[in-house]
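this one's sequence-less:
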Ligand SMILES: Nc1ncnc2c1ncn2[C@@H]1O[C@H](COP(=O)(O)OP(=O)(O)OP(=O)(O)O)[C@@H](O)[C@H]1O
Ligand SMILES: [Mg+2]
């Protein structure tokens, strides 16, 4: 489904160069469910954007669904995106002034109106929002907005879904419902790639990729046994961190104090480190608008 070889992405900031991707090799088979974790700034979104034909690498080769996309122009990239790929983002990226139904119609700009309407209705039904189609994003919960975004992602029947922190803005229970939809889509044969900071989301994949400094540093198949191991480890680290904090506040007796540790393991093998403070800073930067999805700028569902 996806092949990437020696992918590099560099950003030039004045005199310095940021190596957002530093030579990534990756192969994802059709039907796989893959999660990508890594500290803030490790290159996860950059990788997703390039694999999703939203951006081009500085060098390296990307093939999506058998086509070499790394050298295509904007129009050709848009065609590949529209045919094969659905995107889901942390901040939903819906058009606020229009309804759920019209949001789902957006990728169907080149489809005949009657077909498009039926496809949009079906997609909203598929995510359990058949009765919410006339609501605007401001009239829906975060989970409902994300379901609209998923309906929009699947309306063209893509073979690949790329989701960048899809549960990042949702409470745990709502996040689980969103993951359940991804599992159903996966069962239908769609290839799924999810970027996440949450270990209990990451372990739901069949394969976990961990990034650091623009490189893939771990790539692990996950079975039930491994999943259990990873969760126990993450839980232990969390519990120790909690006890450390509690001890610092003298809630627990001194005897219960444990050495300082970070949040999630930096790798699946354990260890400390967490960049959540840094994430919070990054999240405050402006999210990509609908144009970033690659829909033509002139598309305006309201006008139709
Ligand atoms: N448009 C840009 N211009 C300059 N630098 C960029 C740009 N986009 C990303 N970077 C830099 O590239 C690196 C990788 O960024 P990326 O957004 O891929 O990280 P990430 O792993 O998705 O982080 P997060 O978990 O915070 O979303 C970072 O150092 C970032 O600052
Ligand atoms: Mg990111």
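Great, that's in hand. Just so it is clear, the model here is predicted, and its values are computed rather than measured. Numbering: from 1, shown residues only. Ligands and ions are numbered 1, 2, ... in the order given.

what helices and strands are in contact with the helix or strand hosting residue 124?
Using DSSP states H and E, residue 124 maps to helix 113-126. Applying 3 or more CB pairs under 8 Å, 6 or more residues apart in numbering; DSSP states H and E, one finds that helix 113-126 contacts helix 100-105, helix 142-154. C-betas here are computed from N, CA, C, even on glycine.

give the other helices and strands that the shortest one contacts.
Contacts defined by 3+ CB pairs under 8 Å, 6+ apart place helix 100-105 against helix 113-126, helix 142-154.

out of those helices, nearest to residue 55?
Smallest distance to residue 55 across the helices and strands packed on helix 100-105 (CB to CB): 17.9 Å, for helix 142-154.

tell me the SS of residue 26?
Assigned by DSSP: H, G, I helix; E, B strand; the rest coil, the conformation of residue 26 is strand.

correct me, but it touches residue 4?
Yes. At 4.5 Å, residue 26 counts as touching residue 4 under the criterion of CB atoms under 8 Å.

higher neighbour count, these two?
Neighbour totals were compared for residue 26 and residue 4, and residue 4 leads with 22 against 18 (other CB atoms under 10 Å).

how about residue 27: which residues does it bridge to?
On the basis of DSSP bridges, residue 27 is bridged to residue 3.

on that earlier part again, out of the helices and strands packed on helix 100-105, which one sits most buried?
helix 142-154 (a mean of 25; mean count of other CB atoms under 10 Å).

next SSE downstream of that one?
strand 160-164.

run through who's touching the very next helix or strand once past that next one.
Using DSSP H and E, the helix or strand that directly follows strand 160-164 along the chain is helix 172-187. Contacts to helix 172-187, defined as CB atoms under 8 Å, 6 or more residues apart in numbering, come from residues 31, 33, 127, 141-143, 146-147, 150, 154, 161, 163, 166-167, 170, 192, 194, 198, 201, 204.

between strand 160-164 and helix 172-187, find me the angle.
Angular relation of helix 172-187 and strand 160-164 on a 0 to 180 degree scale: 160 degrees, by axes from the mean of the first three to the mean of the last three CA atoms, to 10 degrees.

show me how far the helix or strand following helix 172-187 is from its chain's centre.
Downstream of helix 172-187, the next assigned helix or strand under DSSP H and E is strand 191-195. Between the centre of strand 191-195 and the centre of its chain there are 7 Å (CA atoms, centre = their mean, to the nearest Å).

closest to residue 214 out of the helices and strands packed on helix 100-105?
Across the helices and strands packed on helix 100-105, residue 214 has its closest neighbour in helix 142-154 (26.4 Å, CB to CB).

list the helices and strands that closest one packs on?
Secondary elements touching helix 142-154 (3+ CB pairs under 8 Å, 6+ apart): strand 85-89, helix 100-105, helix 113-126, helix 172-187.

for the nearest residue to residue 221 once chain neighbours are set aside, list each beta-bridge partner.
Closest residue to residue 221 apart from its sequence neighbours, by CB to CB, 6 or more residues apart in numbering: residue 207 at 5.5 Å. Listed beta-bridge partners, residue 207: residue 34, residue 221 (assigned using DSSP bridges).

wait, residue 207 touches residue 218, no?
No. Using CB under 8 Å, residue 207 is not in contact with residue 218, being 10.5 Å away.
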